[in-house]
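K.L.:
here is a sequence with its predicted model. Questions after.
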Amino acid sequence: MTLRKSLWAAAAGLTAGAVLALRRSMARPADPAAADRWLTVTINRSPADIQADKLPTPLQEYGDRIETRIRPAPGDRGTEVAVRLKDVPSDALSVPARLTGQDPRQDLRRSLREAKALLEAGEVLLPDTPPTTHDTPGGKLVGLLSRRAGGEGVL
């Protein structure tokens, strides 16, 4: 009986997620200025400790393909590091490109998160795998959402 309840709960969760994704995609029309958006993280380090020419390897690999902006975070809470791609092909901004992981901003967002981890902790921490030894319907749902969030850090 509990297996049936778990399956119903998983189905309800997937349905709710699909409805939410559909609403979000219909509510926001494609923004032509999306490529110009800055991706920003707050790093728990002094602004004097972070220099644009000495960024961690994940961001250095982009070289001249990105613009970087470094400034003190509001309220003396560290440093804001913002990056954006200089040239993004317009076909890379489509929803199918984003869903298939072909949007170049996804890689930049991942690199920015890794740079933040390197500046704060000195290493990029990864979750243990496998997270559990028993694959349950709820665990499958969490795994699906985790893989989806992996490209951008958001669901």
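P.N.:
All right, it came through fine.

K.L.:
quick check: mean pLDDT of the longest helix seen in the chain?
P.N.:
As assigned by DSSP state H, the longest helix anywhere in the chain is helix 2-27. Regarding helix 2-27, the rounded mean pLDDT is 76.

K.L.:
which other helices and strands does it contact?
P.N.:
On a contact count with 3 or more Cβ pairs under 8 Å, 6 or more residues apart in numbering; DSSP states H and E, helix 2-27 meets helix 137-150. From N, CA and C alone the C-beta is placed, and that goes for glycine too.

K.L.:
residue contacts, Leu59?
P.N.:
Neighbouring residues of Leu59 by Cβ atoms under 8 Å, 6 or more residues apart in numbering: Ile66, Thr68, Val83, Ser111, Leu112, Ala115.

K.L.:
the second one looks like it's in a strand, true?
P.N.:
Yes: per DSSP: H, G, I helix; E, B strand; the rest coil, Thr68 lies within a strand segment.

K.L.:
and it, what does it touch?
P.N.:
Ala52, Leu55, Leu59, Val81, Ala82, Val83.

K.L.:
where does pLDDT dip in the protein?
P.N.:
Across the chain, the ranges flagged by pLDDT under 70 are 1, 24-35, 89-95, 97-102, 127-133, 147-155.
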